[in-house]
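Q: model the structure of this input:
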Amino acid sequence: MVELLVVIAIIALLAGVLLVGVSRLYRQGGRLKSAADLQAIATALEAYKADFADYPRVPDPNTGAAVLARALVGPSPKPRPVGPWKRGEIYRQLPSPTPTQAFLALVDASTPPTLTPAPGLDSSWAPYEPRDGADGSFDSTAREFDGEPGFRNGPKTIDDDEDGQPDRPGGRIFGPYLPADKFKIAAGNAFLVDGNGNPILYFPAAASRPTISVVPRFVSGGDPTNNPGQQDRSALFDANDNLRFFMHNTAGGSLEALPQARALARIRAMLGDFGVNGALDRQPGMESETSPAADLPYLLWTAGPDGLFGPPVDSIPGAKAPLVVNPTDAGGWKSNQRAVEECDDITNFR
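A: Down below sits the predicted model:
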């Protein structure tokens, strides 16, 4: 009996070791797959730029992920007038006779937004037009958009003799730049997603790149009500493009305290700004190198297996070094460096 128990214990021990190894390999495989997806997106963005002479721009706060999918794949999913809505789905009232404002769900929502939602980056909705304006038209009878994969630069058909019948196709068709059948897109969702179902975020760099060594702010962000949709000209990246995704919910479903400040701190620290002051300056006692993001035309970012963007701020089990939002000394800066090193997010800059 003793020998049997010893054998069982050894088998259990070996099984535990094997399980840990398999789990580690599975996580590594997921990270490699997500990294390969980001590389495919980067190639597609270069093709987009070759056609349009610029990278896609983000006109409204918190819509960077949706703009990326719309630009590279084509028409976004059809808006739904009735909820509940999952994160990434689009709401629009039934129009009569013209389309009304559409909104993008940034979190799961059971109630639609008002026509004039209160401004703020912690909102559950963001104004968003799901069509690019060149790939179809709105059919007021069917109350839906007539679209197709890719983008048509001009009217879909042209009536040369004005007899009410189309005589020839109109405009050139661009894209799609990513194959929708091979790249994972959640059904009815406006986002490209990784293998864990997390949206892939997109931050385009400022068209006119500031000099990082002179301009104090590398990543701006905050309340966009004074100048909504406009990037801070003193910053290379605008955190407002996707800030809502970095606002973590508590166990009860509500937002954590000071959500905007914490979200901005997560983004800045992940880019190498361990002092969380918006600049990539060298902190006393630290040997921080210039972030690779300083030379990139855009950031691509997705959460890791934990599903959370950026490191935690509060101490939680398994988090050895939570992020310090307002570090004041070398201890806080080094704690932020450790928090970033432990974060499982997958990006194109680290």
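
Q: separation between residue 189 and residue 240?
A: Distance, residue 189 to residue 240, by CB to CB, to the nearest Å: 22 Å. In this view, the C-beta of every residue, glycine as well, is placed from N, C-alpha and C.

Q: out of those two, which sits in the more crowded spot?
A: More crowded of residue 189 and residue 240, by other CB atoms under 10 Å: residue 240, with 28 against 22.

Q: and the closest residue to that one other than its chain neighbours, how far from residue 220?
A: Excluding its sequence neighbours, the residue lying closest to residue 240 (CB to CB, 6 or more residues apart in numbering) is residue 61, at 4.3 Å. From residue 61 across to residue 220, the span is 12 Å (CB to CB).

Q: residues making contact with stretch 296-303?
A: 34, 38, 41-42, 45, 55, 193-194, 196, 198-205, 237, 242, 271, 293, 309, 344-349 (CB atoms under 8 Å, 6 or more residues apart in numbering).

Q: let me see the mean pLDDT of it.
A: Mean pLDDT, stretch 296-303: 94.

Q: against residue 17, how distant is the closest residue to residue 303 other than its chain neighbours?
A: The shortest distance from residue 303 to any non-neighbouring residue, by CB to CB, 6+ apart, is to residue 198 (4.2 Å). Distance from residue 198 to residue 17, counting by CB to CB: 30 Å.

Q: can you check residue 192 too?
A: For residue 192 relative to residue 17 (CB to CB), the value is 37 Å.

Q: these two - which one has more neighbours?
A: residue 192 (30 against 10).

Q: so residue 301: helix, strand or coil?
A: Put simply, residue 301 is strand when judged by DSSP: H, G, I helix; E, B strand; the rest coil.

Q: before we move on, the earlier item: buried among the contacts of stretch 296-303? Need that as a selection in ChimeraX.
A: Per 16 or more other CB atoms under 10 Å, the buried members of the contacts of stretch 296-303 correspond to this ChimeraX selection:
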select :34,38,41,45,55,193,194,198,199,200,201,202,203,204,205,237,242,271,293,309,345,346,347,348,349
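
Q: hmm, residue 127 and residue 102 touching each other?
A: Yes - between residue 102 and residue 127 there is a contact at 7.4 Å, judged by CB atoms under 8 Å.

Q: what's the overlap in contacts for residue 61 and residue 220?
A: residue 240.

Q: so these two - more neighbours on which side?
A: For residue 61 and residue 220, the more surrounded residue by other CB under 10 Å is residue 61, and the numbers stand at 27 against 20.

Q: mind checking pLDDT for that one?
A: At residue 61, pLDDT is 88.

Q: for the residue nearest to residue 303, what are its contacts?
A: Contacts of residue 198 (CB under 8 Å, 6+ apart): 302, 303, 307, 309.

Q: quick one on the thing from earlier: in strands, which of the contacts of stretch 296-303 fall?
A: Taking DSSP state E as the definition of strands, the contacts of stretch 296-303 contribute 201, 202, 203, 204, 237, 346, 347.

Q: distance of the third one relative to residue 239?
A: The reference is to residue 203. In terms of CB to CB, residue 203 sits 8 Å off from residue 239.
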